[in-house]
Every structure is written in C-alpha cells, then in structure tokens.
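Q: All I have is the shape, not the residue letters:
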Ligand SMILES: NC(=O)C1=CN([C@@H]2O[C@H](COP(=O)(O)OP(=O)(O)OC[C@H]3O[C@@H](n4cnc5c(N)ncnc54)[C@H](O)[C@@H]3O)[C@@H](O)[C@H]2O)C=CC1
Ligand SMILES: O=C(CO)COP(=O)(O)O
C-alpha cells in the first residue's frame, strides 16, 4: 500500500513539530504563509523563529502554495491559531479532496461563535471526518527528543487507528480516544488555569497554592467540559489533568508566561506585544466565561483570569479575591 500523504497547515512551533513527527512515518508537506519560513525549512532544515534549537528532518518539505499541499493530501492537519482557523479553512476549501480526515492541533475557541475547532471544520467542510491531536505536548521539548504522550480523538474507530500510526513514533506515544468534545475542551480550558497559576507565581505564591489552583482548576474545567458533552474521565487523562500539569508547571508554556507577567503587574497588551507566539488562553477567556454562564457552571478561577485580562482587576486583587470566596464541599453531589 502506498504511504498516506499528510498536508500540515501552519508553520509555527507546534505545526512544525508535528510535521517533524509525522515525517518519521510518512510523506508530509507543510504549508506556511511566510516565504522566509518556507525557504529556511527547505534549505537549512530549521525554523529558528519558533523552534530556535531544533534541527528538522530533511524529508520535511515546506510550501507557500496552499493548493500544492492541500490538493494531494490524504489527511489534513490544522496547526494555525484559533483566530485564523476559519479564514485558512476557507482559503484551502477549494482544493480539499473528498472525505479526507481533518485533524486540529489548535487549543482555542472561535471568538463570537464560541465554537470548537472541530465544529468550525464541520461547518466549512461538512462530511469530512474530524478529530484532534492533543495532550501535554510542549513543542520545544518534543523537538529536543524528550518522551511525551498524546491523544488522537475521533469518533470513527477505524480511521482513528490509521491516523494513530502516522503520529505515533518511538518517543511520542499516541493513544486513541473517542471523546472528541472532552479531549478538545481539555486542551482549550487548561490554558486559562495556566494563566491563573502563572499569576500566582508572578505574585510569589508557593507550591501549595499552585497545587490548590491546579486541582480546583481541574474541577472547574471538568464541570464545564461535562456540561458541554465531554466525559468526566477524559478530564483525568492526558488531555485534561496531563495537559493541565504540563502547561501549569512549565516556564515554556506561553499561557503560563502571560500569567507570570500579569502577576508581576504588567498590562496584557504589553505582554502580548513582546511575544512572538500565540497564548490561546488570552483570547478564549471571555468565551469560556460566556459558556460557563450559558451552561450554568461555576468557574471562579476562569472568571477572575478574565477580569484581569479585561483590565477590570489587578492580578493581586483577583488572586486574593479567590481566597476570600466562600468555601464549600470539595466534591459536589448532583
Ligand atoms: N507550541 C506548543 O507547544 C503547542 C501548541 N498547541 C496549539 O497549536 C496551535 C498553534 O500554536 P503554535 O504553533 O504554538 O503557535 P505559534 O505562535 O508558534 O505559530 C502560529 C503560526 O500560525 C501562523 N498563522 C497565524 N495566522 C495565520 C494565518 N491567518 N494564515 C496562515 N498562517 C497563520 C503564524 O504565521 C505561525 O506560523 C495553538 O492553538 C496552540 O494552542 C498545541 C500543543 C502544543
Ligand atoms: O498546549 C501546550 C502544551 O500541551 C502548549 O501550551 P502553551 O500554548 O501555553 O505554550
């Protein structure tokens, strides 16, 4: 059987890292809008802006021509941030072959519609099988050759097993899961908790505080995730607790970094202006707070992160406000 051809859309840190993983197993072409990035990947096998220390596989080929990548792809993998996701889908739609699976790497929600990225794909390209690759996967560590685990989530159990083979390799263990909603929301919602934990670090909080925030954070993202149709047990797995831990404890996490800087008293615009890469939690915080209200779910940590990002409270006020909240039972009964 001939090898599957994968088209990877997005030449940032995670798109490039995932393309490099796929290149171990099958043919992959990466589309990036920047000519400089494409030339650098093809000529020097690096992408220094996003992965400064990494050497990319020599069989990873990049293009600026979207049609060249999409029109031959048996599988499409979307690695652009949520705020350009639909726009890029619209651009590539005319070239997509019928019924090919489309996998999202993106950990954000669409502002305005509040949709998950797999829902955006289903809207723009109805009929294609959709899924997500998500888990505790900091791009730089994976490119440094560190072991990691991830999850490919799709409803169709035959397609998911075929796709598992294109992502899985020695040090990158890829499990399957059929809870697309739970897995996808875990990746989105943990970003906001990572901002909260970072805020605590920036304010000088200790490890007990960090642990409390992570654990209570998990409780609140699970509440929303279950209300939106995910399974509770998904949130204690790699795509929930696993990704929360990686993102909340790592200085490599961009969301954690935003939180630390907010905790030091800096303004959100200044922090974002100094960053080359995306921190999805900043954009999804208002959407998550809106969803929590719609589903009648209490999310005090997300609420306070949103207040700080919106400039209505300082990180210090929010942090100590959280501690002043009424304490209830740890585990709520229905
Ligand atoms: N970096 C990481 O460790 C991980 C990132 N993710 C998720 O992957 C998604 C992408 O993140 P990163 O690659 O890290 O972001 P990044 O900030 O490193 O790169 C984003 C890339 O998207 C491109 N882009 C932005 N708007 C575009 C547009 N309109 N058209 C074409 N290209 C566009 C940028 O040029 C850049 O190449 C995010 O949702 C993130 O949460 C998920 C797991 C790990
Ligand atoms: O999702 C990630 C790790 O799993 C990356 O997190 P950041 O976007 O915060 O860097």
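A: Arrived safely, thanks for sending. Small disclaimer: the values here were computed from a predicted structure and weren't measured. Ligands and ions are numbered 1, 2, ... in the order given.
Q: where's the residue nearest to residue 222 when sequence neighbours are not counted relative to ligand 2, distance?
A: Spatially, and ignoring its direct neighbours in sequence, residue 222 is nearest to residue 235 (4.1 Å; CB to CB, 6 or more residues apart in numbering). Yep, even glycine has a C-beta here, placed from its N, CA and C like the rest. Residue 235 sits 15 Å away from ligand 2, taking CB to the nearest ligand atom, to the nearest Å as the criterion.
Q: show me what contacts residue 235?
A: 182, 186, 218, 221, 222, 225, 226, 241 (CB atoms under 8 Å, 6 or more residues apart in numbering).
Q: Quick check on residue 61: phi, psi?
A: Residue 61 adopts backbone torsions of phi -110, psi 140, taken as degrees, to the nearest 10.
Q: How about residue 138?
A: Dihedral angles phi and psi of residue 138 (degrees, to the nearest 10) take the values phi -80, psi 120.
Q: wait, doesn't it sit right on residue 254?
A: No. Residue 138 is beyond contact range of residue 254, at 9.7 Å (criterion: CB atoms under 8 Å).
Q: How far off centre is the longest helix anywhere in the chain?
A: The longest helix of the chain (DSSP state H) is helix 180-202. Centroid separation between helix 180-202 and its chain, computed with CA atoms, centre = their mean, to the nearest Å, is 9 Å.
Q: That one vs ligand 1: in contact?
A: No. Figure legend: helix 180-202 not in contact with ligand 1 (CB under 6 Å from any ligand atom); closest approach 6.7 Å.
Q: quick one on the thing from earlier: where does the residue nearest to residue 222 land in three-state SS?
A: Three-state assignment for residue 235 (DSSP: H, G, I helix; E, B strand; the rest coil): helix.
Q: And the pLDDT for it?
A: Looking at residue 235, its pLDDT is 98.
Q: just the contacts of residue 235 now: which is nearest ligand 1?
A: Using CB to the nearest ligand atom, residue 186 comes nearest to ligand 1 of these, at 11.5 Å.
Q: check contacts around the closest one.
A: 134, 221, 225, 230, 234, 235, 239, 240, 243, 244.
Q: Now distance to residue 126 too, for those, in a markdown table please.
A: Output for the contacts of residue 186, formatted as a markdown table (distance: CB to CB, whole Å):
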| residue | distance to residue 126 |
| --- | --- |
| 134 | 23 |
| 221 | 29 |
| 225 | 25 |
| 230 | 22 |
| 234 | 25 |
| 235 | 29 |
| 239 | 25 |
| 240 | 29 |
| 243 | 29 |
| 244 | 33 |
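Q: Return the subset of those lying in strands.
A: Within those, residues falling in strands by DSSP state E are residue 134.
Q: So the nearest residue in space to residue 254 that is not next to it in sequence versus residue 285, what's the distance?
A: Leaving aside its sequence neighbours, residue 254 sits nearest to residue 279 (CB to CB, 6+ apart; 4.1 Å). Shown here: residue 279 relative to residue 285, a distance of 10 Å by CB to CB, to the nearest Å.
Q: shared neighbours, the two?
A: Contact criterion CB under 8 Å, 6+ apart; residues shared by residue 279 and residue 285: residue 195.
Q: chain center to the helix or strand bottoming out on mean pLDDT in the chain: distance?
A: Within the chain, no helix or strand scores below helix 315-324, which has a mean of 86 by mean pLDDT, DSSP states H and E. Centroid displacement of helix 315-324 relative to its chain, using CA atoms, centre = their mean, is 27 Å.
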